[in-house]
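Q: structure, please.
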Amino acid sequence: MSDLTVSFIQTALHWHDAAANRAAFDQLLAGLSQPTDLLVLPEMLTTGFSMDAPGQAEPMSGPTVAWLRATAARLDAVVTGSVIIAENGNYYNRLLWVRPDGTLSSYDKRHLFTLAGEQHTYSPGTARLVEDWRGWRICPLVCYDLRFPVWSRNQPAAPYDFVLYVANWPAVRRLAWMTLLRARAIENVACALGVNRVGHDGAGHAYAGDSALLDAQGNYLVEANTETGIFTHALVRADLDAFRARFTALQDGDAFELRG
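A: Here you go, the predicted structure:
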């Protein structure tokens, strides 16, 4: 098993301006000084957290999916983040998992944020995604999913080594963000990453960032705080395996079945 080099971008987002956001990510990616295996971008990476799906959604054949494919190929890395997608008459807050060869998988956000009326605009997902990538099993989720530990639970039927959340998580609830992210790492004996944004959106909400990468014991490996930039760190496979070998809590968990 190999180590996994993870990069993520924490930045402000241009409100409802997909081309400007893609260009801004490209500019930040120019500062990536080493190869990476995985690049993680925020939730609704081209728009900010918006309920204007009719005006902002793209099809799967649209320019953002094409940009993600080109970026993955150029970096020889998986690139992931969520985008507003229109498909078969419905709208989805869809996380896209794009591989260097152009193939992709997707996960539609399961827990829609009712305080913002997200459930009135978007259709929920029904199944989790666990991806094998360069010797790691990775479970990518979206923002509000962080509050629901059952959905995030590391299960024997679909185990993972690394759980990640892409988000637009407001500053007013930053304590919950930091606390729950750490809890998800500890309870699942897995590395965890939360990628949030900074700045203000077009609806007036403020975002503090606080993107962070943690090991399976809940120790911070990277803390972005309020900074804008690209952050990179190598997850060491031997460290995860050694901790799991001596602390076997996963085998003592309660048996249950997730239903969509």
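
Q: residue 112 and residue 49, how far apart?
A: Distance, residue 112 to residue 49, by CB to CB, to the nearest Å: 12 Å. Heads up, the C-betas are built off the backbone N, CA and C, glycines and all.

Q: for these two, indicate the residue with more neighbours.
A: Remark: of residue 112 and residue 49, residue 49 carries more neighbours, 26 against 21, as counted by other CB atoms under 10 Å.

Q: name the nearest residue to the more buried one, ignoring sequence neighbours.
A: Among residues not flanking residue 49 along the chain, residue 168 sits closest, at 3.8 Å (CB to CB, 6 or more residues apart in numbering).

Q: report the contact partners of that neighbour.
A: Contacts for residue 168 (CB atoms under 8 Å, 6 or more residues apart in numbering) come out as 13, 42-44, 48-49, 143, 196-197, 201, 207.

Q: rewinding a little: what do residue 112 and residue 49 both touch?
A: What both residue 112 and residue 49 touch, as defined by CB under 8 Å, 6+ apart, is an empty set.

Q: re the thing from before, is the residue nearest to residue 49 in a helix, a strand, or coil?
A: Assigned with DSSP: H, G, I helix; E, B strand; the rest coil, residue 168 falls in the coil class.

Q: make 48 the starting number, not 1.
A: In the new numbering, first residue 48, that becomes residue 215.

Q: I'd like the average pLDDT over stretch 238-252.
A: Stretch 238-252 shows a mean pLDDT of 98.

Q: please point out which parts of it sit buried.
A: 238-246, 248, 252 (16 or more other CB atoms under 10 Å).

Q: confirm that residue 71 sits in a helix.
A: Yes - counting by three-state DSSP, residue 71 is found in a helix.

Q: wait, isn't residue 146 in contact with residue 125?
A: Yes - with contact defined as CB atoms under 8 Å, residue 146 counts as touching residue 125 (5.6 Å).

Q: identify the contacts common to those two.
A: The contact lists of residue 146 and residue 125 share residue 119, where a contact means CB under 8 Å, 6+ apart.

Q: those two: which is more packed in?
A: Neighbours of residue 146 and residue 125, each counted by other CB under 10 Å, are more numerous for residue 125; the result is 24 against 18.

Q: so who does that one touch?
A: With contact set as CB under 8 Å, 6+ apart, residue 125 has these partners: 84-86, 119, 144-147, 178, 180.

Q: cool, residue 127 as well?
A: Applying CB under 8 Å, 6+ apart, we find residue 127 in contact with 85-88, 142-145, 187, 211, 213.

Q: kindly recompute the last result at 7 Å.
A: 87-88, 142-145, 187 (CB atoms under 7 Å, 6 or more residues apart in numbering).
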